[in-house]
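In: 3D, please:
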Amino acid sequence: MNEQPVTNFFWDDWKQEAIAAGVAAPLAALGSDVLRLHRLNRWGDEFLGTFDDAPSMLVMCLEEPLETELMFLENLHPYDTALIAATKIRLGLK
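Out: Numbering: from 1, shown residues only. Modelled structure (predicted):
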């Protein structure tokens, strides 16, 4: 068989680093999704999620986890107003 080694992408590594740093697993998964989708969809540099954003995203998760969760969801689902509104209520953000 032609077995290839399993390779982690930088967003997978970021998720593991975030969890190790104390970020809750669901928030780390959202951040990883932002990084992954930015790369795969080739979003412009003005959008959150470039490789260079990864360290700042980790700090955001640690310092303001609720606001960061909302920001990640807004980036991932910008047109899902029901999800964004429900998330604001769940997180106690206005």
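
In: tell me the centre residue of the chain?
Out: Central residue of the chain (CA atoms, centre = their mean): residue 31, 1.3 Å from the mean position.

In: isn't that one right up against residue 61?
Out: Yes. Between residue 31 and residue 61 there is a contact under CB atoms under 8 Å: 6.1 Å. Heads up, the C-betas are built off the backbone N, CA and C, glycines and all.

In: So the closest residue to residue 50 other than its chain neighbours, which state does it fall into?
Out: Distances taken as CB to CB, 6 or more residues apart in numbering place residue 38 nearest to residue 50, at 6.2 Å, with adjacent residues excluded. Using DSSP: H, G, I helix; E, B strand; the rest coil, the structure places residue 38 in helix.

In: wait, what's in contact with residue 38?
Out: 47, 48, 49, 50 (CB atoms under 8 Å, 6 or more residues apart in numbering).
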